[in-house]
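Student: Next one to model:
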Amino acid sequence: MGGSSLDGVELVVRTIAQTAVDNEKYFGDLDAVVGDGDFGYSMARGFEIVLSDFDSFDRADIGTFLKKIAVVITGRIGGTSGPIWGTAFLRAGATSAGKTELTAEDTIAMLRAAIDGIKARGQSDLGDKTLLDAFVPAVDVLEQSLAAGEDAGAALAKAAAMARERAEATKEMIAKKGRAAYTGERSIGTLDAGAIAELGAKLEKDRQAVENFGEVNLLALSEHEELKTRHEFLTTQVADLNTSLATLQTTITRINAISRKRFAETFEGINKCFQEVFVRLFPGGRAELTLTDENDLLETGVDIDIRVPGKRTQNVTLLSGGEKSLSAIALIFSILVYRPVPFILLDEVDAALDDTNIGLFNRLVKETVCNSQILMITHNKKTMEIVDSLYGVTMQKQGISTLVSVNLN
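Tutor: You can find the predicted model right below:
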């Protein structure tokens, strides 16, 4: 057999389609015996559509042409015959994709591919089985005839005759012995009482399982989508919060490290200045700042240990009122010595001091004014003597206050 062109394949397809239309009654009679219901009618109607649309099919190559027919058949032929013939043409088209000429071997391979496509459906219904029982022997006869060197027309005629013969045999067998004998199905009448009872129990169990499902929520899918969207949103928010928390924790750790370092440096400097200033206010005395918890600089407290001349070392809380005031002044001025500021406001800091301590305090103030300007509120005359300017309020007449200023320089 020589090579088959696209025109030759078109002729074969037209022949198959026309045969299906012309033999509608035969296939209808086969339906009545097989019990497939619509095989003959739907196949005839479908192939009529194929013939009417034939000239519009893409003819780029044989594979494309056959695949287009498969799409039309699957979409237009109803019942079981549409998927059967659609699968056959689709597999045949895949085998001959990109070809415009087919050898005898290519033709047989294309037909075998169509058979494999039908087999791949798993013989899901009787139509598949009857078509295979007629189609497979016909292809075998065609292959043998071509191998023997017979003319292509004669080989096709033999194949068609074999297909018709096998279809008639199938029809006769089903008519005599019934559908179950042909397909191997078991009817309910062939089951024993135990098997029927077992099937009944299983059916009842399945029915009960379905009833236990309760009412079906028709909005479940939309609710699932809403919850899924909400979950994704919250998951994103949690991820953002965790990222922010990690960043904040890193910042806090860095700040704590810097705070510990600066506090340690500042505490050491102020403690040194405090010891020096305290000696000026308490000649012969000694003072020191100590930490209550040296292992936790961020939470530690500060104690003041003081030894006033003539007394043993004791905590500042055990001192007299004047000694407490002078110790507090020493601490304040030690801070100002360590970190000078341009302006200082002192309000009655000398109120609890006696004349001797006032003199020591005034000397400390004079040393401090070198770095800072001091504004001091006081009623002590000795303190007023060391200032550069005085500002006071007097009431020469009842109910009338008068501001008085004096520049002592």
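Student: so where does I69 fall, helix or strand?
Tutor: Assigned by DSSP states H and E, I69 belongs to helix 62-76.
Student: Who are the packing partners of that helix?
Tutor: helix 6-22, helix 39-52, helix 81-95 (3 or more Cβ pairs under 8 Å, 6 or more residues apart in numbering; DSSP states H and E). Any C-beta I mention is one placed from the backbone N, CA and C, and that applies to glycine too.
Student: Apply 6 Å and report the result again.
Tutor: helix 39-52, helix 81-95 (3 or more Cβ pairs under 6 Å, 6 or more residues apart in numbering; DSSP states H and E).
Student: model confidence over the last one, on average?
Tutor: Mean per-residue pLDDT for helix 81-95: 66.
Student: and what of stretch 317-332?
Tutor: 81.
Student: now stretch 370-377
Tutor: 84.
Student: quick one: contacts of it?
Tutor: With Cβ atoms under 6 Å, 6 or more residues apart in numbering as the test, stretch 370-377 has contacts from 340-341, 343-348.
Student: Give me the buried stretch members for the strand or helix carrying V337, please.
Tutor: Using DSSP H and E, V337 maps to helix 321-338. For helix 321-338, a neighbour-count test (16 or more other Cβ atoms under 10 Å) marks 323-327, 329-331, 333-338 as buried.
Student: Quick check: phi and psi at the closest residue to S405 other than its chain neighbours.
Tutor: Using Cβ to Cβ, 6 or more residues apart in numbering and skipping residues adjacent in sequence, the residue nearest S405 is Y391, 4.9 Å away. With angles defined as degrees, to the nearest 10, Y391 sits at phi -130, psi 120.
Student: Restricted to strands, list the contacts of stretch 370-377.
Tutor: 343-347 (DSSP state E).
Student: Would you show me how to pick out the buried ones of those in ChimeraX?
Tutor: Remark: buried members of the ones in strands among the contacts of stretch 370-377, expressed as a ChimeraX selection using 16+ other Cβ under 10 Å:
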select :344,346
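Student: Save the ones in strands among the contacts of stretch 370-377 as a markdown table, and put in pLDDT and distance to V139 too.
Tutor: Output for the ones in strands among the contacts of stretch 370-377, formatted as a markdown table (pLDDT from 0 to 100; distance: Cβ to Cβ, whole Å):
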| residue | pLDDT | distance to V139 |
| --- | --- | --- |
| F343 | 87 | 112 |
| I344 | 87 | 114 |
| L345 | 89 | 114 |
| L346 | 87 | 118 |
| D347 | 88 | 117 |
